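[1] All I have is the shape, not the residue letters:
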């Protein structure tokens, strides 16, 4: 018997501290770029997971003060099915 799993949606990294840092150009709360914040709902689940990986990397770089920040995912063509 096959069991079907419902995919778990990717949770937004937003922590309700929505303020852009001028130096890093990242959100002070979640470490997303403005484009990543704007396009979050258009990203596929895999793209959202990639944004989360980049946010973790950026957070570590900012905490250590060394290293290079991961680039923005940027604007992408939405692959989500229309909810119409």
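    Structure's in. What do you need? Just so you know, these numbers come straight off a predicted model, no measurement behind them.

[2] which non-adjacent residue is nearest residue 67?
    Spatial nearest neighbour of residue 67, chain neighbours left out: residue 61 (4.1 Å); criterion: C-beta to C-beta, 6 or more residues apart in numbering. The way it works is simple: take the backbone N, C-alpha and C, and place the C-beta from them, glycine included.

[3] Return the residues in contact with that neighbour.
    Contact analysis of residue 61 by C-beta atoms under 8 Å, 6 or more residues apart in numbering lists 67-70.

[4] Could you rerun that using 7 Å?
    Residue 61 sits next to 67-69 when contact means C-beta atoms under 7 Å, 6 or more residues apart in numbering.

[5] Make TSV from the residues you listed and add secondary structure to it.
    Shown next, in TSV, are the contacts of residue 61 (DSSP: H, G, I helix; E, B strand; the rest coil):
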residue	secondary structure
67	coil
68	coil
69	coil
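
[6] Find me the pLDDT at the residue nearest to residue 67, would you?
    Residue 61 carries a pLDDT value of 97.

[7] Within the helices and strands, which one has it?
    Using DSSP states H and E, residue 61 falls within helix 45-64.

[8] Give me the buried positions along that helix.
    47-48, 51-52, 54-55, 58, 61-62 (16 or more other C-beta atoms under 10 Å).

[9] Relative to residue 26, how far out is the residue nearest to residue 67?
    Distance, residue 61 to residue 26, by C-beta to C-beta, to the nearest Å: 10 Å.

[10] Show the model's pLDDT score for the residue nearest to residue 33 when sequence neighbours are not counted.
    Excluding the flanking residues, the one nearest residue 33 by C-beta to C-beta, 6+ apart is residue 72, at 3.9 Å. The model reports residue 72 with a pLDDT of 95.

[11] got the contact list for residue 72?
    Neighbours of residue 72 in contact, by C-beta under 7 Å, 6+ apart: 33, 35-36.

[12] Sitting in strands, which of those residues do you find?
    Judged by DSSP state E, strands contain none of the contacts of residue 72.

[13] Show the buried residues in those residues.
    Here, 16+ other C-beta under 10 Å leaves 33, 36 buried among those.

[14] can you redo the contacts of residue 72 as TSV with pLDDT and distance to residue 42?
    TSV is the format used below for the contacts of residue 72 (pLDDT from 0 to 100; distance: C-beta to C-beta, whole Å):
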residue	pLDDT	distance to residue 42
33	97	14
35	96	11
36	96	11
